[in-house]
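Make a model of this:
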Amino acid sequence: MADGFAPLTFTPDVEAQTAAMWDKVKHHVTPMEWRLHAPLIAEINRLKREKNAVILAHNYMTPEIFHGVGDYVGDSLGLAREAARSDAAVIIQAGVHFMAETSKVLAPDKRVLIPDLLAGCSLASSITGADVRLIKQRYPGVPVVTYVNTTADVKAETDICCTSANAVQVVEWAAREWGVDKVILIPDEYLARNVARQTDVRIIAWAGRCEVHERFTAGDIADMRAAYPGAEILAHPECPAEILEAADFAGSTAAMNDYVALRKPRQVVLITECSMASNVQAESPGTQFIGPCNLCPHMKRISLQNIHDALVHDRYEVTVDPAIAARARLAVQRMIDLPPPAVPARYDLVKARHHVDVELI
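Next comes the predicted model:
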């Protein structure tokens, strides 16, 4: 079998095996595309059973991956939890490289594969472990909270990790544990600014940004309001503060999913990566999803074909130096051991208690 090509055909058996998946994605995948996707999906699911492998699929994966082959799907926090407790021998990370590193950190005895080594992250590449060591020298005694969208060597220099779902909770926990009134929250500047507006803890931030979320503007929201006055607008906390102020709700990808599932809005706009809307809509067919959205070029490097090739050729393995992994594991495990964030009683935008600025390093 040549790399990048699988001689598989759309047979009646394949059609039957993938019928339930097709029903979920048929509004986002054409019948012509499905005849190409379905044989790969069936073969990938067969290979998973043969090799005792699981696929962790992030919310930003395309629908045919998310609904077709993902064993565990969700946001970074959810996938990290699944990596830690999975009984599989092999983990395929349908996401980006830092996620695969996190899986390896939490499951050091498992083989962790990523289908494309170039599936990186603009936010993760914005900071290094050496940067964090310098930050700690500048602010001795101040706890470091690090977003999971970072490399293992950055996590190894931190005290506890967080996700967009639990950042406020983790910052307040760190302040209590260290008995301080300020916390370093890196590397996402916008997440840090949005957290600062929801807590009395002073935030020291780094100027890292997600290339997907920083491109949204308040003008995008205004245009959507004018064109679709009844639509509810949900924004990711990695967006600039003015986006969150203009939205109806701000939350992680998991929180957005919960919002739509529970409120069942007639029309909704997700201010995040494009595939998120497609994947949520499959579970909420009564809701109309409206743009805008931005594509993540790194997430889109993962395809059914290279997932298949990863399973067939046992590639590409992600490794982490054991000494770095041990230190990073402590930070990630501290996050996992915290109770899940409280679900908001009402799905409104978490407005700022007060407007405060952060100290930008």
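
Could I get the full set of strands for the stretch 1-150 of the chain?
Taking DSSP state E, counting those that start in this stretch to define them, one finds strands in the stretch 1-150 of the chain at 53-58, 72-74, 90-94, 111-113, 144-147.

Go through these and find the least confident stretch.
Sorting the strands of the stretch 1-150 of the chain by mean pLDDT places strand 72-74 lowest, at a mean of 91.

Other residues contacting it?
54-59, 61, 66, 78-79, 82, 86, 253-254, 279 (C-beta atoms under 8 Å, 6 or more residues apart in numbering). Bear in mind the C-beta positions are built from the backbone N, C-alpha and C, glycine included.

pLDDT weak spots in this protein?
Under the criterion pLDDT under 70, the flagged ranges of the chain are 1-7, 341-356.

could you dump the strands of the stretch 1-150 of the chain to a markdown table with mean neighbour count and distance to Glu189?
A markdown table is the format used below for the strands of the stretch 1-150 of the chain (neighbours: other C-beta atoms under 10 Å; distance: least, C-beta to C-beta, whole Å):
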| stretch | mean neighbour count | distance to Glu189 |
| --- | --- | --- |
| strand 53-58 | 25 | 22 |
| strand 72-74 | 20 | 25 |
| strand 90-94 | 27 | 26 |
| strand 111-113 | 22 | 29 |
| strand 144-147 | 26 | 11 |
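
can you put those in JSON lines and add distance to Thr9?
Formatted as JSON lines, these follow (distance: least, C-beta to C-beta, whole Å):
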{"stretch": "strand 53-58", "distance to Thr9": "23"}
{"stretch": "strand 72-74", "distance to Thr9": "27"}
{"stretch": "strand 90-94", "distance to Thr9": "24"}
{"stretch": "strand 111-113", "distance to Thr9": "26"}
{"stretch": "strand 144-147", "distance to Thr9": "44"}
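
Would you mind measuring the gap between the ends of stretch 162-182?
Using C-alpha to C-alpha, to the nearest Å, one end of stretch 162-182 lies 16 Å from the other.

Make 2 the starting number, not 1.
All set: I'll call the first residue 2, so the last point we hit is now stretch 163-183.

Return the set of buried residues in it.
163-176, 183 (16 or more other C-beta atoms under 10 Å).

Can you tell me how far Val55 is from Asp310?
Separation of Val55 from Asp310 (C-beta to C-beta, to the nearest Å) stands at 17 Å.

wait, Arg134
38 Å.

if you count what's nearby, which of the two comes out ahead?
The residue with more neighbours, out of Arg134 and Asp310, is Asp310; 21 against 11, by other C-beta atoms under 10 Å.

Tell me which helix or strand the more buried one sits in.
helix 305-314 (DSSP states H and E).

just checking, next helix/strand downstream of that helix?
Criterion used, DSSP H and E; the element after helix 305-314 is helix 323-338.

returning to that earlier point: with respect to His98, which of the buried residues of stretch 163-183 is nearest?
Ranked by distance to His98 (C-beta to C-beta), the buried residues of stretch 163-183 are led by Thr164 at 16.8 Å.

Looking at the strands of the stretch 2-151 of the chain, which is nearest to Pro241?
Of all those, strand 145-148 comes closest under C-beta to C-beta, at 16.3 Å.

Quick check: can you name the pairing partners of that closest one and their directions?
Applying DSSP bridges, strand 145-148 is found paired with strand 161-163 (parallel), strand 183-187 (parallel).

all strands for the stretch 152-301 of the chain, in order.
161-163, 183-187, 203-206, 233-236, 250-251, 268-272, 289-291.

Now Ala166. Its backbone dihedrals?
The phi/psi pair for Ala166 (degrees, to the nearest 10) reads phi -70, psi -30.

Surely it and Ala255 touch.
Yes: the criterion here is C-beta atoms under 8 Å, and Ala166 meets it with Ala255 at 5.7 Å.

Report the set of residues contacting both of those two.
In contact with both Ala166 and Ala255: Asp76, Leu78, using C-beta under 8 Å, 6+ apart.

Which one, of the strands of the stretch 2-151 of the chain, ends up nearest to Ala236?
strand 145-148 (17.0 Å).

Please list the residues outside the closest one that contact it.
By C-beta under 8 Å, 6+ apart, the residues outside strand 145-148 that reach it are 124, 133, 136-137, 155-156, 158-165, 168, 171-172, 175, 184-189, 192, 332.

so what are the domain limits for the chain?
Listed by automatic domain parsing, the domain ranges of the chain are 13-121+299-314, 125-212+322-338, 214-297+345-351.

export the ones you listed to TSV and tack on distance to Leu361?
Shown next, in TSV, are the domains of the chain (distance: least, C-beta to C-beta, whole Å):
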stretch	distance to Leu361
domain 13-121+299-314	22
domain 125-212+322-338	5
domain 214-297+345-351	14
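
what about those domains, which gets the closest to Val359?
Nearest to Val359, of all the domains of the chain, is domain 125-212+322-338, at 4.3 Å by C-beta to C-beta.
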